[in-house]
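**Q** sequence plus the predicted model coming up.
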Amino acid sequence: MILSVMNHISLKLNQFLKNQFELVEDVVVVSNLVDHDGAISANVNNRVVIFLTNIERETAAKTHYMSSGVGGDFTQHQPVHLNLYLMVCANFSGANYNESLKFISSVVGYFQQQPVFNHQNSPDLDRDIEKIVLDIENVKNHDLSNMWGMFGAKYLPSILYKVRMITIDNKAVISRVSKTSSVNVSVKSESDSQ
């Protein structure tokens with residue numbers, strides 16, 4: 001589900017940027033900036049890079065719920081609602097630094113005009129995803145410095161988005177309660193036993 005969300009955002013942003021700047025090649029990639037060994041990832045030079053910085057559980061949900069179906073009632077875990085934090089950065093270095101500013105400005109403009117993806121405005125959205133909602137997440141300079149240190153990279157023109165309420169539900173049944181058509185109850189009184 002998370003990959004589907006990130007790929008959809010990448011696809012739509014890529015279509016927009018290719019159209020706006022009359023590009024032939026894709027310019028948006030979903031990737032880490034730096035490999036685990038500390039080397040710059042091969043596919044991120046002169047690209048707009050989208051990567052996951054955090055996953056947060058939306059806490060306003062129950063853990064179990066009852067549902068009815070053919071053959072009885074059953075208990076399931078409540079679906080998990082997640083918020084994703086996505087960094088979008090423009091990785092154009094050296095003489096291409098101005099390209100970074102141009103692309104990151106266009107990214108902000110695109111998500112300002114298209115902050116929600118749903119099945120009406122994005123018919124190709126995965127059917128298991130109800131909608132994708134993007135909000136800019138403000139980050140203080142100190143926290144931003146720590147984040148980029150955690151990524152193992154130097155700061156690039158970038159913006160952090162909170163993607164709200166991604167639902168994951170594997171529909172696993174915890175327990176099943178059979179429906180009973182009738183119940184016979186007999187009560188003995190003290191006078192019956194004498």
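**A** Perfect, thanks for sending it.
**Q** and L86, what is it in contact with?
**A** L86 sits next to 6, 9, 50-53, 134, 160-161, 163 when contact means Cβ atoms under 8 Å, 6 or more residues apart in numbering. Any C-beta I mention is one placed from the backbone N, CA and C, and that applies to glycine too.
**Q** what bridges to it?
**A** L52, Y161 (DSSP bridges).
**Q** how about stretch 117-136: buried residues?
**A** 117, 122, 125, 129, 131-134 (16 or more other Cβ atoms under 10 Å).
**Q** where's the dip in pLDDT among the residues you listed?
**A** Minimum pLDDT for the buried residues of stretch 117-136 is recorded at I129 (88).
**Q** and that one, what does it touch?
**A** Counting by Cβ under 8 Å, 6+ apart, I129 has contacts 1, 4-5, 8, 166-167.
**Q** how close does the nearest residue to F103 once chain neighbours are set aside sit to V48?
**A** Counting by Cβ to Cβ, 6 or more residues apart in numbering, A90 is the residue found nearest to F103 once chain neighbours are left out, at 4.2 Å. Relative to V48, A90 is positioned 5 Å away (Cβ to Cβ, to the nearest Å).
**Q** now do the shared contacts for these two.
**A** 103-104, 107.
**Q** out of those, which sit inside helices?
**A** Of the positions in those, 103-104, 107 sit in helices, assigned by DSSP state H.
**Q** quickly name whichever of those is closest to F21.
**A** Closest approach to F21 among those (Cβ to Cβ): F103, at 8.2 Å.
**Q** now that closest one: how far from I9?
**A** 15 Å.
**Q** repeat that for M150.
**A** On the measure of Cβ to Cβ, M150 and I9 end up 22 Å apart.
**Q** between those two, which one's more packed in?
**A** I9 (23 against 9; other Cβ atoms under 10 Å).
**Q** noted, bye for now.
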